[in-house]
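Asker: would you be able to build a 3D model of this:
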Amino acid sequence: MIAYTVEIKNLPELQNLYRQAPEIAGKKIIEAGNKSLLSLQATAKQLSPIDSGRLRQSILVSPMQQSGNTFTGSVGTAVAYAAWMESGTGIYGPLGRPITPKKSLHSRVQVSADAKSEARSRAVQ
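Answerer: This is a model prediction of the structure:
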């Protein structure tokens with residue numbers, strides 16, 4: 001049988017650092033998250049369309065916060081029309097009529113009679 005002894009120098013200091021690990025990790029996560037949010041804000045501002053500049057100026061960061069094991073932060077705006085700028089308004093314009101392009105796609109694409117006939121026969125099947 002072999003016997004050996006391990007001596008750990010500064011054991012109380014090491015134990016104290018282990019107790020602080022969750023707090024230190026939380027601070028680092030918040031720090032990294034805030035850097036990411038600032039980067040996301042810069043990208044959102046760069047990609048936002050400019051008319052008056054109101055939308056671009058309204059894009060703000062809500063810094064990272066920790067609640068238990070959950071970290072939250074956000075980038076956003078309170079401008080009412082921002083959602084429409086992000087996602088569009090659909091196919092309908094302000095008068096409830098479908099939006100049509102000035103140069104119709106149909107004028108550029110020609111479909112042969114054979115293709116129309118084939119499409120009809122597929123629909124019937």
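
Asker: what sits up against stretch 20-34?
Answerer: Contacting residues not belonging to stretch 20-34 are listed as Val61, Pro63, Met64, Gln65, Gln66, Phe71, Gly73 [C-beta atoms under 8 Å, 6 or more residues apart in numbering]. In short, each C-beta sits where N, CA and C put it, glycine included.

Asker: could I get those as a markdown table with distance to Ala42?
Answerer: Output for these, formatted as a markdown table (distance: C-beta to C-beta, whole Å):
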| residue | distance to Ala42 |
| --- | --- |
| Val61 | 10 |
| Pro63 | 15 |
| Met64 | 16 |
| Gln65 | 21 |
| Gln66 | 24 |
| Phe71 | 21 |
| Gly73 | 15 |
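
Asker: out of those, which sit inside helices?
Answerer: Nothing among these maps onto helices, per DSSP state H.

Asker: widest-spaced pair of these?
Answerer: Using C-beta to C-beta, the two most remote members of these are Val61 and Gln66, lying 16.1 Å apart.

Asker: tell me where the model's unsure across the protein.
Answerer: Along the chain, segments meeting pLDDT under 70 span 101-125.

Asker: select the longest helix from it.
Answerer: Assignment by DSSP H gives helix 11-47 as the longest helix of the chain.

Asker: list the contacts of whichever helix or strand comes after that one.
Answerer: Sequence order places helix 54-58 as the next helix or strand after helix 11-47, per DSSP states H and E. Contacts to helix 54-58, defined as C-beta under 8 Å, 6+ apart, come from residues Lys45, Ser48, Pro49, Ile50, Thr77, Ala78, Val79, Tyr81, Ala82, Met85.

Asker: can you pull the contacts of the last one?
Answerer: Looking back up the chat, that one is Met85. Counting by C-beta under 8 Å, 6+ apart, Met85 makes contact with Ser48, Pro49, Leu55.

Asker: quick check, nearest of these to Gln41?
Answerer: Nearest to Gln41 among the contacts of Met85 is Ser48, at 10.6 Å by C-beta to C-beta.
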